[in-house]
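# Next come a sequence and a model predicted from it.
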Amino acid sequence: MKDKVHILAIESSCDDTSAAVLENLKVKSNIISSQNVHQKYGGVVPELASRDHEKNIGWLVDLSLKEAGIDLKEIDAIAVTQGPGLLGSLIVGVNFAKSLAMAIERPIIAVNHMEAHVLAHFIDDPRIHQGLRFPFLALTVSGGHTQLYLWESDVQYTILGQTLDDAAGEAFDKIAKLLGLPYPGGPMIDRLSQKGNAGKFSFPHPKVEDFHFSFSGLKTAVLYFLQDKTKDDPDFISRNLHDIAASVQKTIVDILLSEVEKAIAHTGIRQWVICGGVSANSLLRSEALLLAQKTKTEVFMLPLEYTTDNAAMIGAAAWFKYKRGLFSPLSFAAKARL
Ligand code: KG4
Ligand code: ZN
């Protein structure tokens, strides 16, 4: 294998279009364009997302090469998100990547988006602590997923538990909507919580099997709580917004980390990572550090630009496959579920 492998990576699974160039695990460029056409609809509108990806993918790829200072001829492989995600959005990225791979006669590598969120921890960047080794535990928390994995190697992992209903990000977003906040609600709840008292209101924890999660009960509890409180006091939400946000955030973080703590005790594994969009949450990050201290384990969390959807993580996951010669046939299809 060459000592310097250049991979051009493309991500278009949801509402961010992104292109990146990596030299092995070093990020030479990582351009992300976040779609804001969805904000006024209170959630991602799939058809609008596909159209936006289609409009932006060409110039994003051009810019990522330019910023990396790498010519298309020097690219050794094209990596692209195969799924999971919105099918129409994935197809835009996959078809673009396939055409490019054919045009420059290079192999294509189909990447699982959720695996990429985890393998992003191996990106070679001075801001990322380089001490992570297999096996480790991974908590993957995004708008569509909440899973706890045991990763044994770059190609071998098992799911210890997952959400039985809503994902953690979905819980943040749906509860934010109940509070009248715009989409995506997660970052808004995070921001409002900074000035709130998390002990002011208490919400129930789900009763589920070890390592599993459930958030739909919390959403319903918040809905009934708000209906009850606003019956005689229409201004209840606006007067208590910070405290409600902080109490909800604390509950979600406690639910997530209590399962991680159980998994640490059960497996005896000393290293763990948190990834996906919700790992940007400031309380989750600070409580994770406390849990690591308490359990004498080591937690790894990424700089914010690598927590939400980005193509650099797709390139990192692809590098592991490149090393193993795991290329994809041009006939592979985008998949909403993987
Ligand atoms: O991984 P991601 O960017 O996209 C998916 O693959 O879903 O995750 C997006 C999710 C959204 O639900 C968003 O509300 C949530 O991550 N999120 C946050 C924060 N930043 C993003 N949730 C809580 N606190 C945050 N700071
Ligand atoms: Zn994601």
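Perfect, I can see it now. Just so it is clear, the model here is predicted, and its values are computed rather than measured. Ligands and ions are numbered 1, 2, ... in the order given.

# separation between the residue in the stretch 201-338 of the chain positioned nearest to ligand 2 and Ile104?
Nearest residue of the stretch 201-338 of the chain to ligand 2, counting by CB to the ion: Asp309, 4.5 Å away. (Each C-beta comes from the backbone N, C-alpha and C, glycine too.) Separation of Asp309 from Ile104 (CB to CB, to the nearest Å): 25 Å.

# Among these two, which residue is more densely surrounded?
Using other CB atoms under 10 Å, the more surrounded residue of Asp309 and Ile104 is Asp309, with 26 against 15.

# Would you confirm that the more buried one contacts Cys14?
Yes. Look at Asp309 against Cys14 with CB atoms under 8 Å: they come within range, at 6.1 Å.

# Report the secondary structure state of the residue in the stretch 1-150 of the chain positioned nearest to ligand 1.
In the stretch 1-150 of the chain, the residue that lies nearest ligand 1 is Gly143 (2.8 Å; CB to the nearest ligand atom). Recorded secondary structure, Gly143: coil (DSSP: H, G, I helix; E, B strand; the rest coil).

# where's the closest residue to it other than its chain neighbours, which helix or strand?
With sequence-adjacent residues excluded and distances taken as CB to CB, 6 or more residues apart in numbering, Gly143 is closest to Gly169, at 3.8 Å. Assigned by DSSP states H and E, Gly169 belongs to helix 168-178.

# counting contacts, what elements does the one helix or strand Leu256 maps to pack onto?
For Leu256, the element it lies in under DSSP H and E is helix 236-267. Other elements packing on helix 236-267 under the criterion 3 or more CB pairs under 8 Å, 6 or more residues apart in numbering; DSSP states H and E are strand 136-141, strand 146-153, strand 156-162, helix 168-178, helix 185-193, helix 216-232, helix 282-295.

# Figure out which of these is closest to Leu330.
strand 156-162 (26.4 Å; CB to CB).

# for this protein, which residue is closest to the average position?
When CA atoms, centre = their mean is applied to the chain, the residue found nearest the centroid is Gly276 (2.2 Å).

# so it sits right up against Thr140, yeah?
Yes. In this structure, Gly276 is within contact of Thr140 by CB under 8 Å, at 4.9 Å.

# where does Val27 land in three-state SS?
Secondary structure, three-state DSSP: Val27 is strand.

# Which neighbours do Gly276 and Thr140 have in common?
Jointly contacting Gly276 and Thr140 under the rule CB atoms under 8 Å, 6 or more residues apart in numbering are Met114, His117.

# what's the nearest residue to the residue of the stretch 201-338 of the chain closest to ligand 2 if we skip its chain neighbours?
Asp16 (4.3 Å).

# tally of neighbours for that neighbour?
Asp16: 20 neighbours (other CB under 10 Å).

# before we move on, what about Trp59?
Trp59: 13 surrounding residues under other CB under 10 Å.

# now it: how far from Ala20?
From Trp59 to Ala20 the distance is 14 Å (CB to CB).

# and if you look at Ile128?
15 Å.

# looking at it, Pro84 is touching Gln147, isn't it?
No. Between Pro84 and Gln147 there is no contact under CB under 8 Å: 11.3 Å.

# before we move on, what SS does Phe203 have?
Under the three-state scheme (three-state DSSP), Phe203 adopts coil.

# for it, what are its contacts?
Leu218, Ala221, Val222, Phe225, Ser247, Val248, Thr251.

# Quick check on those residues: which are buried?
Among the contacts of Phe203, those classed as buried by 16 or more other CB atoms under 10 Å are Leu218, Ala221, Val222, Phe225, Ser247, Val248, Thr251.

# For the closest residue to the fifth one other than its chain neighbours, give its distance to His53.
It refers to Ser247. Setting aside the residues directly before and after it, Ser247 is nearest to Phe201 in space (CB to CB, 6+ apart), at 4.1 Å. Counting by CB to CB, the gap from Phe201 to His53 is 40 Å.

# how far away is the residue in the stretch 201-338 of the chain that ligand 1 sits nearest to from Gly93?
Minimum separation of the stretch 201-338 of the chain from ligand 1 (CB to the nearest ligand atom) falls at Gly277, amounting to 2.0 Å. Counting by CB to CB, the gap between Gly277 and Gly93 amounts to 18 Å.

# just to revisit the earlier point, how about the helix holding Gly169 as CSV, C-alpha atoms only?
The C-alpha trace of helix 168-178 is given here as CSV (Å, rounded to 0.1, in the frame of the first residue of the first chain):
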residue,chain,number,x,y,z
ALA,A,168,-32.0,10.9,22.1
GLY,A,169,-31.7,13.7,19.5
GLU,A,170,-35.4,13.1,18.5
ALA,A,171,-36.3,13.5,22.2
PHE,A,172,-34.5,16.8,22.4
ASP,A,173,-36.1,18.0,19.2
LYS,A,174,-39.7,16.8,20.0
ILE,A,175,-39.6,18.3,23.5
ALA,A,176,-38.2,21.5,22.2
LYS,A,177,-41.1,21.6,19.8
LEU,A,178,-43.5,21.3,22.8
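
# Okay then, goodbye and thanks.
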